[in-house]
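**Student:** A predicted structure for the sequence below; I have some questions about it.
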Amino acid sequence: NAWYDNPAMFNVVGEIRGTEFPDEVVMLGAHFDSFHASTGATDNGGACSSIMEAMRLLKVTGAPLKRTVRIGLWNGEEQGLIGSRLYVAQHFGGIRGVPTATNPRGEVGPVKRAHSRFQGYFNIDNGAGAIRGIHSQGNRAIVPILRQWLEPLRDIGATHVSQLTRGGTDHLSFDAAGLPGFQFIQDSLEYEPKTHHTNMDFFEALQPEDMRRNSVILASFAMMAANHSGFLPRKPRPAAR
């Protein structure tokens, strides 16, 4: 092992520009930092690979994309969603990396113009298993839309829309800022307790066929969101205290 006192910290961002509304953005995301005991295949390098493959599929097939599709591979998720939190604050509004209307000190953070042009964020970070659906993050208005997008994917096992609110990963940075942010439902397999944050989280734990299917689902969601007629519904913002 090697120790670095001041390692370079960065996010990895790439995009395919939209043809009609390039300033309106759909995002796919995962985190590439891992827990120290292993190389982090199921948490979360495998998901990063699936997202990169989804972008390759969109590119090589020439899929029509009215809006820009962007990927964000985040650093510092294990230390508190640092990479995605700072990205949201920088691009959509916030103070000191807190992408909300006010920070803990009560200071108001300005909302940037890109906030109103953001379509949605879709995150994958629950191990190596196949995607079985998506959590709506308590956004009831979007449930019929998500069900419609899943219908063509039933034959590869993605069927379910949950109305649960999920935590613990990078979609929370977007949700906290009032932006549509969602987490996929995956087969748990051996994620808990074998690979998650243990010294067993190595390449051998990945499931190649599930990763291929996940890439197709991710690409499909990106395309559907990019071509959706109008913006996706957002949850009501909490009343100011």
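**Tutor:** Received the coordinates, thanks.

**Student:** so what's the residue nearest to residue 76 when sequence neighbours are not counted up against?
**Tutor:** Nearest non-adjacent residue to residue 76, counting by C-beta to C-beta, 6 or more residues apart in numbering: residue 82, 3.0 Å away. (C-beta placed from N, C-alpha, C; glycine too.) Contacts for residue 82 (C-beta atoms under 8 Å, 6 or more residues apart in numbering) come out as 9, 74, 75, 76, 97.

**Student:** okay if I get those as CSV plus secondary structure and distance to residue 164?
**Tutor:** Listed next are the contacts of residue 82 as CSV, based on DSSP: H, G, I helix; E, B strand; the rest coil; distance: C-beta to C-beta, whole Å:
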residue, secondary structure, distance to residue 164
9, coil, 32
74, strand, 22
75, coil, 27
76, coil, 25
97, coil, 27
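
**Student:** and of those, the nearest to residue 222?
**Tutor:** residue 74 (17.1 Å; C-beta to C-beta).

**Student:** for that closest one, give its distance to residue 156.
**Tutor:** From residue 74 over to residue 156 the distance is 26 Å, taken as C-beta to C-beta, to the nearest Å.

**Student:** so for these two, which sits in the more crowded spot?
**Tutor:** residue 74 (28 against 17; other C-beta atoms under 10 Å).

**Student:** burial measure for residue 114, as a count.
**Tutor:** 15.

**Student:** ok, it touching residue 92?
**Tutor:** Yes: shown here, residue 114 and residue 92 form a contact pair, counting by C-beta atoms under 8 Å, at 5.6 Å.

**Student:** so what are the sheet partners of the biggest strand by length in the chain and their directions?
**Tutor:** When the chain is parsed with DSSP state E, its longest strand is strand 21-31. Its sheet considered, strand 21-31 pairs with strand 67-74 (parallel), strand 118-123 (parallel) by DSSP bridges.

**Student:** mind saving the C-alpha coords of it as CSV?
**Tutor:** Coordinates of the C-alpha atoms in strand 21-31 are reproduced here as CSV (Å, rounded to 0.1, in the frame of the first residue of the first chain):
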residue,chain,number,x,y,z
PHE,A,21,-32.3,21.6,-25.8
PRO,A,22,-28.5,21.3,-25.0
ASP,A,23,-28.8,23.5,-21.9
GLU,A,24,-31.3,21.1,-20.3
VAL,A,25,-29.6,18.2,-18.6
VAL,A,26,-30.2,14.6,-17.6
MET,A,27,-27.7,12.9,-15.4
LEU,A,28,-26.6,9.4,-14.6
GLY,A,29,-24.3,8.9,-11.6
ALA,A,30,-22.3,6.6,-9.3
HIS,A,31,-19.4,7.0,-7.0
